[in-house]
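Visitor: Quick check, what structure comes out for this input:
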Amino acid sequence: MSLYSGERVQYSVFECRLTPQQLDRLRDRVRPLIAPEEDSLRIYVLCAECQGRIESLGTGTIELEDPDVYLL
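Guide: The predicted structure is shown next:
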């Protein structure tokens with residue numbers, strides 16, 4: 001079983017490039033970990049044209065007190 005890692009771009013925002021099969025597997029693995037009445041997991045699928053139009057302002061880094069490693 002392999003794990004797919006995403007790039008953390010904000011405290012709770014990750015960018016991941018996944019195949020459709022990897023995305024299905026991610027959903028299956030995360031679903032039992034969240035509390036639907038409290039948590040919100042949002043997945044935004046971007047088309048190739050949209051990915052080419054991503055705009056990023058600033059080069060700030062993410063400073064976290066939480067030393068855990070997050071793998072998606």
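
Visitor: For the rest of this, base every contact and every neighbour count on C-alpha atoms.
Guide: Fine.

Visitor: which stretches of the protein form helices?
Guide: Using DSSP state H, the helices of the chain run over residues 20-30, 48-52.

Visitor: winner for burial among these?
Guide: Greatest average neighbour count among these goes to helix 20-30 (a mean of 12), per mean count of other C-alpha atoms under 10 Å.

Visitor: quick one: which of the helices of the chain has the weakest pLDDT on average?
Guide: Looking at the helices of the chain, the lowest mean pLDDT belongs to helix 48-52 (a mean of 85).

Visitor: that older thread, dump the helices of the chain to a markdown table, plus distance to residue 8.
Guide: What follows is those, written out as a markdown table (distance: least, C-alpha to C-alpha, whole Å):
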| stretch | distance to residue 8 |
| --- | --- |
| helix 20-30 | 16 |
| helix 48-52 | 17 |
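
Visitor: Relative to residue 11, which of those is closest?
Guide: Among the helices of the chain, the nearest to residue 11 by C-alpha to C-alpha is helix 20-30 (17.7 Å).

Visitor: Any idea which of the helices of the chain gets closest to residue 40?
Guide: Judging the helices of the chain by C-alpha to C-alpha, what sits closest to residue 40 is helix 20-30, at 11.1 Å.

Visitor: out of the helices of the chain, nearest to residue 38?
Guide: Of all the helices of the chain, helix 20-30 sits nearest to residue 38, with 14.2 Å by C-alpha to C-alpha.

Visitor: Check the offset of the closest one from the chain's centre.
Guide: In terms of C-alpha atoms, centre = their mean, to the nearest Å, the centre of helix 20-30 is set 12 Å apart from its chain centre.

Visitor: Please export the C-alpha coordinates of it as CSV.
Guide: This file holds the C-alpha atoms of helix 20-30, laid out as CSV (Å, rounded to 0.1, in the frame of the first residue of the first chain):
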residue,chain,number,x,y,z
PRO,A,20,-8.8,9.5,-10.6
GLN,A,21,-8.0,6.2,-8.9
GLN,A,22,-5.8,7.8,-6.3
LEU,A,23,-8.5,10.4,-5.6
ASP,A,24,-11.0,7.6,-5.1
ARG,A,25,-8.6,5.8,-2.7
LEU,A,26,-8.0,9.1,-0.8
ARG,A,27,-11.8,9.6,-0.4
ASP,A,28,-12.2,6.0,0.9
ARG,A,29,-9.3,6.4,3.4
VAL,A,30,-10.3,9.8,4.7
